[in-house]
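my questions are about this predicted structure, shown below with the sequence.
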Number of protein chains: 2
Amino acid sequence: MSLWQQARRSARLNPSIIREILKVTEQPGVLSMAGGLPSADTFPVLAIREACERVLTQAPREALQYAASEGFAPLREWVAQHLGTLGMVVDPGQVLITTGSQQGLDLVGKVMVDAGAPVAVETPTYLGALQAFNPYEPIYASLAGDADGPRPEAITALAHDAPGTRFAYLLPNFQNPTGRVIPEARRVALVAAAQAARMPIVEDNPYGDLWFDDAPPAPLAARWPEGVLYLGSFSKVLTPGFRLGYLVAPPVLYPKLLQAKQAADLHTPGFNQRVVHEVIKNGFLDSHVPTIRARYRAQCAAMAEALVQHLPEGCEWQRPQGGMFFWLRLPVGCDAMALLPQAVAQGIAYVPGAAFYAQAPDPRTLRLSFVTLSPEDIAVGVATLGRVLREHLDAQREVAP
Amino acid sequence: MSLWQQARRSARLNPSIIREILKVTEQPGVLSMAGGLPSADTFPVLAIREACERVLTQAPREALQYAASEGFAPLREWVAQHLGTLGMVVDPGQVLITTGSQQGLDLVGKVMVDAGAPVAVETPTYLGALQAFNPYEPIYASLAGDADGPRPEAITALAHDAPGTRFAYLLPNFQNPTGRVIPEARRVALVAAAQAARMPIVEDNPYGDLWFDDAPPAPLAARWPEGVLYLGSFSKVLTPGFRLGYLVAPPVLYPKLLQAKQAADLHTPGFNQRVVHEVIKNGFLDSHVPTIRARYRAQCAAMAEALVQHLPEGCEWQRPQGGMFFWLRLPVGCDAMALLPQAVAQGIAYVPGAAFYAQAPDPRTLRLSFVTLSPEDIAVGVATLGRVLREHLDAQREVAP
């Protein structure tokens, strides 16, 4: 027997497929549309530098000492107030500052998921959430959906198909990977179905601020406060390198999540919380976020134009209204994973969509990020993708009987 | 049925007794010897301020972007080299940077502890480790010990008494709460017993650098590299507010711990890692840590003197050779938890020792921190403790038949 006996759950821990892909694709000369990183050009370096200086001048002893597991009180108040502008009614006492919103997902899994318990997820869904939940050994119930998001009937059906489902994990705004936003009418119907089924919702909203022309409809949490746990993040609007996220929990759940947080890392770095609060406390994001939107909107437009121009017939996609990603479905006979080596050989990279499915992946899908390349490079990259696909389709027709 | 169905493990999540006690005892005018915080006077504010400035000038895009789950490579190299000076042979590829060493404990629990599996702990042991392991639902096997630490026979006995024990969790240096250091001969015997029993060890060393006169013996990990997982921290020698710790894992375990880390929070804040590396890379700790040692040594001496002077007969303690804590055993008939309200009423606070036992607490024990009060306040605080104890013992004698 091995000296180190591992827990059963460790069989559910696996290398991130995306990280493995990025290792292969992050080569010099490759135009990568694979990453999920925000553009480093959007990081407000000067504001952060000044805030570090102020925090370490004004409150160094507090910023460098152990701190409360709940988070820095003024930052929790800021979050509560900010969510108020989205239509939520949040008491700062419901806000738990987390070490990135990834930690929020881990805490949710720890407090709510038993081995063998069903968890409902979108098809496809955010890979990082699957990774966070997996060690708690859920079984996944995939929610069928369409261009407007998961279908309310899919929620209703769970009561019969997967009794005891702990929650439905939903990403209403510019979902990773598909980029789609759930429209108002679908939100209303989803919440009604969830309420009727007494199915709690975990709402993940890292991209909601990154809209191009119109803000998305109000969060699900604004419609059913006691039935929705909400996750937010500073990673996409400020910096991911500070690892700052938050969750807003119904009061009945908050104490256990807090205790799980304490057990996990005592508290999120107080210094980081104070610096971010110092940056944002006087409305900085009101002027900063629009600059990110403008940048991403232009990059999205460049990719939309290039896709129309360069992709062969049979490719399907929707132009996103915000966020960071296009989601493509390739023509019949194309397997995005199988084509990746050819794409990389020709100088581009993407993420095959299969990674984002809890079950039954669609091998024809892939995700393209538009936020890290310039519009010019996007045009070149998409043209290359079109060429790779055409060559493959041509070769396929040649061997066809 | 409740809308939010919780996981079975959430019954094992509980409020930290220490945090609850601190809430009661942290009142203005109370001389607190209860906290486990390092002294804020030891935080190198200027060095950290300058390092923030340099990192945000020289590598802002990298410091503020998502980063590798393993940690910042130069920091991992620093850790490997630093541990070399303690007698360990560590490849940087074995180092995983964690969000405080508390996270290291959580990852260990996640990867190695099944519900119902035995985990061996010292008697008493670090409360935060019990909190980290609890959600994974172990049963605890308490290792009997003496002033030199756990007894080797206790490890040997586990093979019969608790087959399948996943690991023994040990704190060889200036243990929290007892302050005791395991001497060389006991380390040799413990490792021999663990090797014979094929019982892996999780070695936690947050206080090892805080010795007063002599460095402690080499870590257990230096004696049995493939059988010991080692945890370290920057919290006690630099700042806890940055939440920076690390673990060193045998190569066979590293990949699963890394995957668990990724699932838990993607990575520890890259900015914090770069700032700390910037502070320490040129030997800063070589001159900084001795200033902490000198300060704590003087405070420890003040407390040692005050204890001799003020405590009633029947109290037992050992003078620690490093770290932050005295551990007292009160005379027969004293219950540290029951006496706490009287102590607080008279203006002092301590932590009752019962919190630190996985099983069968000794109610006569308590922990005193000497690092946050001045020598003068320590004298006053210990005198007050002596008075509280005498009054209690006198009252007890009066009611005795």
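Ah, there it is.

touching chain B at all, stretch A:147-159?
No: Stretch A:147-159 does not reach chain B (CB under 8 Å from any CB of the partner chain); its nearest approach is 12.5 Å. For the C-beta atoms, the positions are set from N, CA and C on the backbone; glycine is no exception.

kindly apply the preceding question to stretch A:38-51 instead.
Yes: legend: contact between stretch A:38-51 and chain B by CB under 8 Å from any CB is shown at A:Pro38, A:Ala40, A:Phe43, A:Val45, A:Ile48, A:Arg49.

what does stretch A:374-393 give?
No: legend: contact between stretch A:374-393 and chain B by CB under 8 Å from any CB is lacking; minimum distance shown is 15.3 Å.

which intervals of chain A have sub-threshold pLDDT?
Within chain A, the stretches with pLDDT under 70 are A:1, A:400-401.

80 instead?
Within chain A, the stretches with pLDDT under 80 are A:1, A:16-27, A:399-401.

how does chain A divide into domains?
Split into domains by automatic domain parsing, chain A comes to A:14-36+A:286-399, A:45-281.

out of those, which one sits most buried?
Highest mean neighbour count of the domains of chain A: domain A:45-281, a mean of 21 (counted as mean count of other CB atoms under 10 Å in any protein chain shown).

would you turn the residues of stretch A:38-51 next to chain B into JSON lines with distance to A:Met112?
Listed next are the residues of stretch A:38-51 next to chain B as JSON lines, based on distance: CB to CB, whole Å:
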{"residue": "A:Pro38", "distance to A:Met112": "29"}
{"residue": "A:Ala40", "distance to A:Met112": "35"}
{"residue": "A:Phe43", "distance to A:Met112": "34"}
{"residue": "A:Val45", "distance to A:Met112": "38"}
{"residue": "A:Ile48", "distance to A:Met112": "34"}
{"residue": "A:Arg49", "distance to A:Met112": "40"}
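
among those, name the ones in helices.
A:Val45, A:Ile48, A:Arg49 (DSSP state H).

looking at the residues you listed, which is nearest B:Pro250?
A:Ile48 (38.2 Å; CB to CB).

dihedrals phi and psi, the most centrally placed residue in chain A?
When CA atoms, centre = their mean is applied to chain A, the residue found nearest the centroid is A:Asn176 (4.8 Å). Dihedral pair for A:Asn176: phi -90, psi 110, per degrees, to the nearest 10.

and after the one helix or strand A:Arg295 maps to, which helix or strand comes next?
Secondary structure assignment for A:Arg295, by DSSP states H and E: helix A:284-310. Downstream of helix A:284-310, the next assigned helix or strand under DSSP H and E is strand A:316-317.

which element follows that next one toward the C-terminus?
For strand A:316-317, the following helix or strand on the C-terminal side (DSSP H and E) is strand A:325-329.

helices or strands up against whatever helix or strand comes next after that next one?
Downstream of strand A:325-329, the first helix or strand assigned by DSSP H and E is helix A:336-345. On a contact count with 3 or more CB pairs under 8 Å, 6 or more residues apart in numbering or on different chains; DSSP states H and E, helix A:336-345 meets helix A:17-25, strand A:351-352, helix A:375-399.

how close does A:Tyr245 get to A:Ala197?
For the record, residue A:245 is Gly, not Tyr. Relative to A:Ala197, A:Gly245 is positioned 28 Å away (CB to CB, to the nearest Å).

which strand or helix spans whatever residue of the stretch 301-401 of chain A ends up closest to chain B?
The stretch 301-401 of chain A approaches chain B most closely through A:Thr372 (10.2 Å), counting by CB to the nearest CB. A:Thr372 is part of no helix or strand when elements are defined by DSSP H and E.

thought it was touching A:Gly36?
No: with contacts counted by CB atoms under 8 Å, A:Thr372 stays clear of A:Gly36, the gap being 9.4 Å.

wait, a strand at A:Glu70?
No: residue state for A:Glu70 (DSSP: H, G, I helix; E, B strand; the rest coil) corresponds to coil; a strand is not indicated.

how about it, what does it touch?
Listed by CB atoms under 8 Å, 6 or more residues apart in numbering or on different chains, the contact set of A:Glu70 reads A:Arg76, A:Val95, A:Leu96, A:Ile97, A:Leu258, A:His267.

not counting sequence-adjacent ones, nearest residue to A:Arg61?
B:Ala40 (3.9 Å; CB to CB, 6 or more residues apart in numbering or on different chains).

list the residues that contact that neighbour.
With contact set as CB under 8 Å, 6+ apart, B:Ala40 has these partners: A:Arg61, A:Leu64, A:Gln65.

who in the stretch 151-300 of chain A is up against chain B?
A:164, A:166-167, A:198, A:200, A:226-227, A:235, A:239-243, A:250, A:252-253, A:255-256, A:259-260, A:262-272.

which stretches in the stretch 101-250 of chain A count as helices?
A:127-133, A:152-161, A:184-197 (DSSP state H, counting those that start in this stretch).

for the shortest one, packing partners?
It refers to helix A:127-133. Secondary elements touching helix A:127-133 (3+ CB pairs under 8 Å, 6+ apart): helix A:100-112, strand A:118-122, helix B:254-265.

show me the one of those that comes nearest B:Pro152.
Of these, nearest to B:Pro152 by CB to CB is helix B:254-265, at 27.5 Å.

now do that closest one: which elements does it pack against?
helix A:100-112, helix A:127-133, strand B:95-98, helix B:100-112.

right, and the helix or strand after that helix?
Trace forward from helix B:254-265 with DSSP H and E and the next one is helix B:270-280.

near chain A, anything from that following helix?
Yes: counting by CB under 8 Å from any CB, chain A is contacted by helix B:270-280 at B:Gly270, B:Phe271, B:Asn272.

angle of that helix against helix A:270-280?
On the basis of axes from the mean of the first three to the mean of the last three CA atoms, to 10 degrees, helix B:270-280 is oriented at 120 degrees to helix A:270-280.
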